[in-house]
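Asks: Sequence and predicted structure below; questions after.
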Amino acid sequence: MKVRERRALQRGLLCSVLAVWGLSIDLSGQEWAHYGGDAAGSRYSRLDQIKKSNVKQLKVAWVFDTGDFSDGTGPSPTRSSFEASPLVIGNVMYVTTPFDRLFALAAETGAKLWDFDPHIDRTMRANLFINRGAAYWTDGKAATVYFGDMQGRLWAVDAASGKPNRGFGQDGMVDLKQGLMDRYPNAQYRVTSPPAICRNVVITGSLVTDSYPHGPSGDVFAWDLRTGSLVWRFHTVPRAGEVGQDTWGGEGWKERGGTNAWSAFSVDEKTGTVFMPLTSPSYDFYGGDRKGANLFGDSVVAVDCATGGHQWHFQTVHHDLWDYDIPAQPVLVTVKRNGKEVQAVAQVTKTGFVFLLDRGTGVPLFKVEERPVPKSELAGEESYPTQPFPVLPPAFARQSMTAADLTDVTPESHAECAEITKGAILDVSIYTPFSELTQVVFPGLNGGTNWGSASFDPASGLLFVNSMDVGGLFRMVKRPEGSEIPYALRSAKYEFFWDSHHYPCQKPPWGNLTAVDLNTGRFKWRVVLGEFDELTARGIPKTGAPNIGGSMVTAGGVLFIGATNDGKFRAFDKDTGEELWMTRLPASGFATPVTYMGKKTGKQFVVIAAGGGNKYDGKFTGKLVAFSLP
């Protein structure tokens, strides 16, 4: 046994002894206490027991089956996606399921301690059943786990017993929809990502209807941690007299849907600031009734946790016509500029850009140019004449295509994709507006990157982001006379630009993993992420694969990522991109892994939700898989 491993074991034994005595020690860095690893969303762990030299020895330590999943053929008509990242505090793991159940498990064995079920309506129709995780808070005496559900409710559950905290809201629950659905009783208001804890409030976003111009508000709310009473409300579409209201033509801001925060927030605990990733205004693909830049659509917004006061914003897409939501949790980082350390926010996007912003002001740290983009030809539409392009870093995802890029990975795929695209416009670039002609769009509606966000290594200044290089094939169609808006988006044969085997219709690579040096704005390395086994068996070079989920990086120099639809879980050298280890999961790991140190065994564990499903894998499970060294 090596010295470092022996010391880790000794620390674990000491923790066990102290626990018996009723004492506590500082376990900072050994837990996974936030959805993104820390409040900053870095997905970084200081643990180094698992390292480059021994990661190949990882074995399955335990598997826990929640039993919660749907393939859409049973009582639940909607498919599920197990996208959760667990929390680990002390020696207890808290994980949410697609049907919004909250499980507490023994972190070292996977044994169930308790579960809480809010009993959502499993027969509802939704895009997917999803719950990505929870938030944890303690005052040193009692601890509470907070999470939202698909019916728009915020729950506060006692971390020890699994019982609702009766002093919070109405018997442990706040109905987030109250007052928002009166005019839109048939609209949706769901919570799919974890809330954020900042100072004395719990902050919630939402997933709201975006298929019509008007609907439930996408505003962000803050609630008192103890009582559940409303503390503040931030208007994501500014109202009269508020910052940004002048970016809406006429009354386009009134009752505007969308512009919500369905992804995760980040928090600067030192300054008491929450950073909100906001999405596109509704309707996503036509904006003739919302002329202007449309703040705070597609913006990173910094808000004071105590008051909800606006501090700054940066808009990544003006007058969005492509559903290019900011889908990813902002990552709070420290970078070097002229020999000095600068606090910053790294925002990865569906468009494939990384925007690096000063954390205190929102000013870009690398130059961002407003460049002219093509004009929409749809009647009534006034597309924005320019869009922001960061000079650095380079785009990490495909942003264009030509007819020459049609796949040649197999003759069969080429023929099928040629048939799919017959008569379609293939020569496109990012921000080419949709028209009544069928056209390819890159990036596709899922990115770029998505809710998996990015991970950050503070030692090297590297930001790691995976890209989903699968486009779409769409056209605009006229709505019936008298409709709220004149056009709607329609997909061609497939929502995703791929053939019947799910091979994307452009030449590979179809997925990448990129290390971006935030100090220089340059790529440190880039590797193809994922493969199709049957193509590899035919001698075709690794193609990459559709992927959704994110990465996690450790002080041991190892980056872990599932995400790909090939059912594999991989470890990479964070300095070179070399693949160090790979294993097969029960189903694809469309989630972001976590790591923690077992208090009793002194072992470092790596855990990922292997649920498959979503729109990319026909195999569905509800399994959580843990790995450790022998």
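Replies: Sure thing, it's come through. Numbers count the residues shown, from 1 in each chain.
Asks: For the chain, which segments count as helices?
Replies: Along the chain, counting by DSSP state H, helices occupy 3-21, 411-420, 533-537.
Asks: Restricting to C-alpha, output the second one in CSV.
Replies: Just to be clear, that refers to helix 411-420. Provided in CSV are the C-alpha atoms of helix 411-420 (Å, rounded to 0.1, in the frame of the first residue of the first chain):
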residue,chain,number,x,y,z
PRO,A,411,-22.4,3.8,-48.2
GLU,A,412,-25.8,3.0,-46.6
SER,A,413,-25.7,6.0,-44.3
HIS,A,414,-24.7,8.3,-47.2
ALA,A,415,-27.6,7.1,-49.3
GLU,A,416,-30.1,7.4,-46.5
CYS,A,417,-28.9,10.9,-45.5
ALA,A,418,-28.9,12.0,-49.2
GLU,A,419,-32.5,10.9,-49.4
ILE,A,420,-33.4,12.7,-46.1
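Asks: please begin residue numbering at 482 from this point
Replies: Shifting the count to begin at 482 puts that one at helix 892-901.
Asks: contacts for it?
Replies: Helix 892-901 has contacts (C-beta atoms under 8 Å, 6 or more residues apart in numbering) with Leu887, Thr888, Asp889, Leu954, Ala973, Lys974, Tyr975, Asp980, Ser981, His982, Tyr984, Cys986. From N, CA and C alone the C-beta is placed, and that goes for glycine too.
Asks: Kindly state the domain boundaries assigned to the chain.
Replies: Following automatic domain parsing, the chain resolves into domains at 482-606+1029-1111, 881-922+953-986.
Asks: And the last one, end to end?
Replies: From the first residue to the last, domain 881-922+953-986 extends over 13 Å; the measure is C-alpha to C-alpha, to the nearest Å.
Asks: Look up how far Thr883 lies from the one residue sitting closest to the centre of the chain.
Replies: For the chain, the residue nearest the mean C-alpha position is Trp932 (1.3 Å; C-alpha atoms, centre = their mean). Separation of Trp932 from Thr883 (C-beta to C-beta, to the nearest Å): 30 Å.
Asks: before we move on, back to that, where among the helices of the chain is the average confidence lowest?
Replies: Among these, helix 484-502 carries the lowest mean pLDDT, a mean of 38.
Asks: List the buried residues of stretch 674-687.
Replies: Using 16 or more other C-beta atoms under 10 Å as the test for burial, stretch 674-687 gives Ser674, Pro675, Pro676, Ala677, Ile678, Cys679, Val682, Val683, Ile684, Thr685, Gly686, Ser687.
Asks: Could you dump these into CSV and include distance to Gly725 and pLDDT?
Replies: What follows is the buried residues of stretch 674-687, written out as CSV (distance: C-beta to C-beta, whole Å; pLDDT from 0 to 100):
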residue, distance to Gly725, pLDDT
Ser674, 23, 98
Pro675, 27, 98
Pro676, 24, 98
Ala677, 22, 98
Ile678, 27, 98
Cys679, 22, 97
Val682, 23, 98
Val683, 25, 98
Ile684, 20, 98
Thr685, 21, 98
Gly686, 18, 98
Ser687, 19, 98
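Asks: among these, which are in strands?
Replies: Counting by DSSP state E, the buried residues of stretch 674-687 place Ala677, Ile678, Cys679, Val682, Val683, Ile684, Thr685 in strands.
Asks: In this structure the last one contacts Trp704, no?
Replies: Yep, that's Thr685 we're talking about. Yes: between Thr685 and Trp704 a contact is recorded at 7.0 Å, counting by C-beta atoms under 8 Å.
Asks: Quick check: neighbours shared by these two?
Replies: Contacts common to Thr685 and Trp704, judged by C-beta under 8 Å, 6+ apart, are Leu635.
Asks: Please list all residues in contact with Phe610.
Replies: Phe610 sits next to Ser551, Ser557, Thr559, Arg560, Ser561, Ser562, Pro579, Phe580, Arg603, Met631 when contact means C-beta under 8 Å, 6+ apart.
Asks: Next one: the second one from Thr577, what distance?
Replies: Counting by C-beta to C-beta, the separation of Ser557 from Thr577 is 16 Å.
Asks: Could you check which of the two is surrounded by more residues?
Replies: Set side by side, Ser557 and Thr577 show more neighbours around Thr577, with 30 against 21, by other C-beta atoms under 10 Å.
Asks: how about low-confidence regions in the stretch 482-631 of the chain?
Replies: For the stretch 482-631 of the chain, the stretches flagged by pLDDT under 70 are 482-509.
Asks: what do you get for the chain?
Replies: Applying pLDDT under 70 to the chain flags residues 482-509, 974-975.
Asks: what's the first-to-last distance across stretch 897-916?
Replies: One end of stretch 897-916 sits 24 Å from the other (C-alpha to C-alpha).
Asks: can I assume Tyr865 is in contact with Ala774?
Replies: Yes: look at Tyr865 against Ala774 with C-beta under 8 Å: they come within range, at 6.3 Å.
Asks: what sits in contact with each of those two?
Replies: Shared contacts of Tyr865 and Ala774, counting by C-beta under 8 Å, 6+ apart, come down to His799, His800.
Asks: residue contacts, Pro914?
Replies: Pro914 sits next to Leu802, Pro855, Lys856, Ser857, Glu858, Leu859, Glu862, Ser864 when contact means C-beta under 8 Å, 6+ apart.
Asks: Which of the residues you listed are buried? Put it as a PyMOL command.
Replies: Paste this into PyMOL to select the buried members of the contacts of Pro914, with burial taken from 16+ other C-beta under 10 Å:
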select buried, resi 802+857+859+862+864
